[in-house]
Structure formats: structure tokens, C-alpha cells
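J.: Return atomic coordinates for the entry below.
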Amino acid sequence: MVALSLIGCGTPKADESGPVDGATVKKLESVLHARAEAMGRGDLKAFTDTVDTTKPAFRRMQQRVFDLPNDFVSLQSSFKISGAERYRGYIRAFVEMTLEGNGYLGVFAGIQQESRLYFREMEGRWVLTEPIGNETGEEKNRVTGDSTMTYWSMDEDVAEVFAAAVTDARAWAAKQAPKPVAFKVQVVFVPTAELAGPGWDATVGTSGKGTADDIYGPWYGLDRTRTHVSAYTQFALRWVALDRMRDAVFPGLGVVGQRLSNDAWLDKGWGLFLTDLDFAAVLRQSCAGIPLPTLRQLAAGPPPLGAPGALAETYARWYAYSQSMVAYLYERFGPDAYWRLLDAYISNGSTPTNFTAVLKTSRDDFYASWLTWLRKKYC
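T.: You can find the predicted model right below:
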């Protein structure tokens, strides 16, 4: 697996063969704890001492992670290491990570996944790193029907798990379609910052490129058995597959997302609703007098991760209420209403008259009715 892969230039000095002893494993766990503690107190010098700074892409990615410690880094993880082994002069191992932070939608916080990390010894100390160049091996594909999983040979041992998860996500998304529709899903599991390229921002979990979707190392992982992907990774794959299915229903690469850019809740809330994420705890906050997002705020979408002044609860609340509005749309007007709305958006663009034409109600009245429904349901 490749969850938080890392980089390094030069030749690793770790032994190339033999088992990884318990004392070394403890040292690697200590590196991860020291890294998290340094991030928690904003100590860049101490943080830098735990990572390989000789590899430019990895260094850039790590700096971005340090700058946004509250968004998707597992500062409170156990960092328990298992399956440690030697790989081309590195030591790699599966690390028990606890998901937390704004990047996990307010639902996956506290959930664990197994992430594969790489380490090497430099000047007598161990640091977090990642393979570079030909150390990652060749790029490969596994194809099953209309599902393609792309990976690098460094992850050959977990390729079957990833391929099965992509196939399952595509089959699941097909069942959510309003009619039989042909579509392909191609997911690229990008294991390193170097392979991700200079345009990659570490706060972005997935990135669509033409007919393929990239999922980056820091965001994906396996479950505790390492025979399936983690709950968060399954969600990410289903989200990708849903987008591909929806674009097939309305042909034109990315046209639906473009049309819904001014009504972000209708775009993202749909995927959150169909994947059945449990936002009940967040939604019940409205019963305690906490102000709800306005229609304008829900339409605009959440602030970018790391946005100055954005409170942590902003993200979970936006996702929760967006999902809830789509749930209300389905319950009040029927599942077909969503697709009829999309058809109107494709034909007319983002205009308030779409709601009136399709639902016989304005967006403002829809929002007001949803508020009444929300309070009855959760308060």
C-alpha cells in the first residue's frame, strides 16, 4: 500500500538485506511521534529533523503538511508499525494512523487506517522519506471490465487489493445511475510526491486528469487486516466513480460540475448522500442554537483547506448540511428530481429559475422548507 509515501535523494544507507529488528522499529515509531509533536507545537526545526529534506518534491509536500497541521495529519496516532521490511535500501512498513482533521469531512475523524511509509538512515538518524526515480519501479495497470487501476511496481504486493476496490466502486456507482449507462473508471494510485508532479498540492486528495483520477499517497490506506482498503479510501473511490457515472449520464467531460459550481451543495452533497456518511451528530448541533449555514454559504462551498480564519467546524458543518439538503430533495421530491434538476442546469446554466421550473418552488423557499424538515428530523 502507499498511503503516506515520502522522498529522498542520494543512496540510502540502510542495510539491503536481513530482518528489521525490534529496536529499529522502535526508532522508526519514535521518528513519527517526534514529527507529530513538532507539528503540534509548530516547531519547524524539530519537524525538519524527522524528514528527508534532500528530495525536492518530498520536501515541498512535507512543508505543506507542516503548514496545515489541523487539516489532515494524524497527530494523535499510535504510529504502531507492523510488517517492516527492507526495500531497495529503505525500510518500509505499515503504520497505524488515526484519521483526523478538516480534510476528512467531519465523519472519518478517529477512524484508523494502515498507511505504508518509507524510512532511511541519514547521518546516524532515521528520517521519513520516499523512493524516487526508478526506485518506484515501472508503471502498471490492472483492468477488470470497465475498471482500470494504475500503480507502480513498488506496490505490487497490494495491487490486487486496490484493483478490487476500484472494481467494486465502479459496480456500486453503476447501481446509483438513473438508467443503464456505460462509463469507465480509471484510478491512479500515486505513491510519491515526485510522481505526483510539481502541480500537486498535498491538501488535494484526488485530481481528475482527462479520463483518469489520481488519488495521492497521504490520503489512502488499508484497513487493519490489509485485505481491504480503509473506509476513507473506499469513500474516495466511490466518490470518483459517482462523478464518472454522472458525467456519462450527461456527456461532456466535467460538464455537470461546471454547471453546479454556483450551487456546490447540490454537487458535493449528492455524493455525500449516496455514500451514506453519518453526519447526524453534526446536524443535531442545530438543535442547540448553533447558526446554520446560509443558502449563499452552502451554494459557495467550503473554504479551501488552510484558508485564513476558517474555523475547524466550518468544514464538517458545510458537508453535513449539504448532504442533508440533498436528502431532503430526495425525500420530498423523489430521486428523479435530482436528475431533472441536473438536466435543467445542463440546458440553462446556473440560474434560480431551474428550481422553479423543475420543483415548482424557488431556491429560497426550498431552503426554508428544508430548515423546517431538518428541525423535525433531528431536534
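J.: count of neighbours near Gln186?
T.: Counted with other CB atoms under 10 Å, residues neighbouring Gln186 total 21. From N, CA and C alone the C-beta is placed, and that goes for glycine too.
J.: contacting residues for the spatially most central residue of the chain?
T.: When CA atoms, centre = their mean is applied to the chain, the residue found nearest the centroid is Gly205 (4.2 Å). For Gly205, the contacting residues are Gly103, Ile215, Tyr216, Trp219, Ala236, by CB atoms under 8 Å, 6 or more residues apart in numbering.
J.: Now those in a markdown table, please, with extra columns for secondary structure and pLDDT.
T.: Converted to a markdown table, the contacts of Gly205 look like this (DSSP: H, G, I helix; E, B strand; the rest coil; pLDDT from 0 to 100):
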| residue | secondary structure | pLDDT |
| --- | --- | --- |
| Gly103 | helix | 78 |
| Ile215 | strand | 90 |
| Tyr216 | strand | 87 |
| Trp219 | helix | 83 |
| Ala236 | helix | 93 |
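J.: Pick out the most distant pair among those.
T.: The span of those, defined through CB to CB, is set by Gly103 and Ile215 at 13.2 Å.
J.: Between the two, which is the more surrounded one?
T.: Neighbour tally, Gly103 and Ile215, criterion other CB under 10 Å: the higher count belongs to Gly103, 24 against 21.
J.: Surely that one and Asp71 touch.
T.: Yes - using CB atoms under 8 Å, Gly103 is in contact with Asp71, at 4.9 Å.
J.: Tell me which other helices or strands the strand or helix carrying Phe94 touches.
T.: Using DSSP states H and E, Phe94 falls within strand 90-98. Contacts defined by 3 or more CB pairs under 8 Å, 6 or more residues apart in numbering; DSSP states H and E place strand 90-98 against helix 22-40, strand 81-87, strand 112-122.
J.: Contacts for the second one next, please.
T.: This points to strand 81-87. By CB under 8 Å, 6+ apart, strand 81-87 touches 14-18, 20, 24-25, 28-29, 91-96, 114, 118, 131, 154, 226.
J.: What is the burial count for the closest residue to Cys287 other than its chain neighbours?
T.: Ranked by CB to CB, 6 or more residues apart in numbering and with sequence neighbours excluded, the top spatial neighbour of Cys287 is Cys379, at 3.8 Å. Counted with other CB under 10 Å, the neighbours of Cys379 add up to 10.
J.: and Cys379, what pLDDT?
T.: pLDDT recorded at Cys379 is 90.
J.: Paired strands for the worst-scoring helix or strand of the chain on mean pLDDT, with orientation please.
T.: Sorting the helices and strands of the chain by mean pLDDT, DSSP states H and E puts strand 206-209 at the bottom, at a mean of 76. Using DSSP bridges, the strands paired with strand 206-209 in its sheet are strand 212-216 (antiparallel).
J.: Output the strand it pairs with as CSV, nothing but the C-alphas.
T.: C-alpha atoms of strand 212-216 as CSV (Å, rounded to 0.1, in the frame of the first residue of the first chain):
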residue,chain,number,x,y,z
ALA,A,212,-8.3,9.1,-15.1
ASP,A,213,-8.5,10.2,-11.5
ASP,A,214,-5.4,10.4,-9.3
ILE,A,215,-5.5,9.5,-5.6
TYR,A,216,-2.4,10.7,-3.7
